[in-house]
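Visitor: Coordinates for the following, if possible.
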Amino acid sequence: MEEIFKKKFGRVQFFEYLMKREKKEGIFKYYPNKKILLPEMRKIYPKANIKKITVGEVVGFDEKEGSEAVNLVCNLTGDNSRDVVSFGTEAGLFQEFGISTVVCGPGSIEQAHTVDEYITFDQLKLCLKMLLDLKDQISN
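Guide: The predicted structure is shown next:
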């Protein structure tokens, strides 16, 4: 079965299939780095390898002191925490061209961009309130 799967779908899809199968069967293990992951992969497919390739880069976003966009969102939400996280967005490109920029959205970064990513209904209601307040602010 495994050999047929490898021939039909290739090495990457085969390993993704195994990871999903292990998680479904409750034996999924977290593989923190190449030293642990690669030997596990090679038990299944001896020619397995891990190679990192940069396929794109973005200009970093740097929250500016006194940013109009940041101040607007802080005023609308009442949240003045101004947290910064290390995820890539297009925000740095806008900022590079002099456009006041902020990155915001519903939910917590603790749940974002994970396997079990989710947003609660209450978080969505807060986001909707912020968007409606933004509409009122810019239409007045």
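
Visitor: quick one: the helices in this protein?
Guide: 2-9, 11-24, 34-44, 68-77, 91-96, 121-139 (DSSP state H).

Visitor: now T77: how far from V70?
Guide: Distance, T77 to V70, using C-beta to C-beta, to the nearest Å: 11 Å. Where C-beta positions appear, they are placed from N, C-alpha and C, glycine not excepted.

Visitor: Flag the shaky bits of this protein, pLDDT-wise.
Guide: 1-33, 54-56, 86 (pLDDT under 70).

Visitor: Spatially central residue in it, please.
Guide: H113 (3.3 Å; C-alpha atoms, centre = their mean).

Visitor: Not counting its neighbours along the chain, what's nearest it?
Guide: F87 (6.6 Å; C-beta to C-beta, 6 or more residues apart in numbering).

Visitor: what about the closest residue to E117 other than its chain neighbours, neighbour count?
Guide: Closest residue in space to E117, ignoring its immediate chain neighbours: Q111 at 5.8 Å, by C-beta to C-beta, 6+ apart. For Q111, the count of nearby residues is 13 (other C-beta atoms under 10 Å).

Visitor: likewise F87?
Guide: Neighbourhood size, F87 [other C-beta under 10 Å]: 12.

Visitor: Isn't it up against G105?
Guide: No. Judged on C-beta atoms under 8 Å, F87 makes no contact with G105 at a distance of 11.0 Å.

Visitor: give the contact list for V58.
Guide: Contact analysis of V58 by C-beta atoms under 8 Å, 6 or more residues apart in numbering lists 88-90, 92-93.

Visitor: Export those residues as CSV, with columns for neighbour count and distance to K35.
Guide: What follows is the contacts of V58, written out as CSV (neighbours: other C-beta atoms under 10 Å; distance: C-beta to C-beta, whole Å):
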residue, neighbour count, distance to K35
G88, 12, 26
T89, 14, 31
E90, 12, 34
G92, 15, 33
L93, 13, 36
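
Visitor: Could you export these as JSON lines, including distance to F61?
Guide: Compiled in JSON lines, the contacts of V58 are given as follows (distance: C-beta to C-beta, whole Å):
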{"residue": "G88", "distance to F61": "9"}
{"residue": "T89", "distance to F61": "6"}
{"residue": "E90", "distance to F61": "9"}
{"residue": "G92", "distance to F61": "4"}
{"residue": "L93", "distance to F61": "9"}
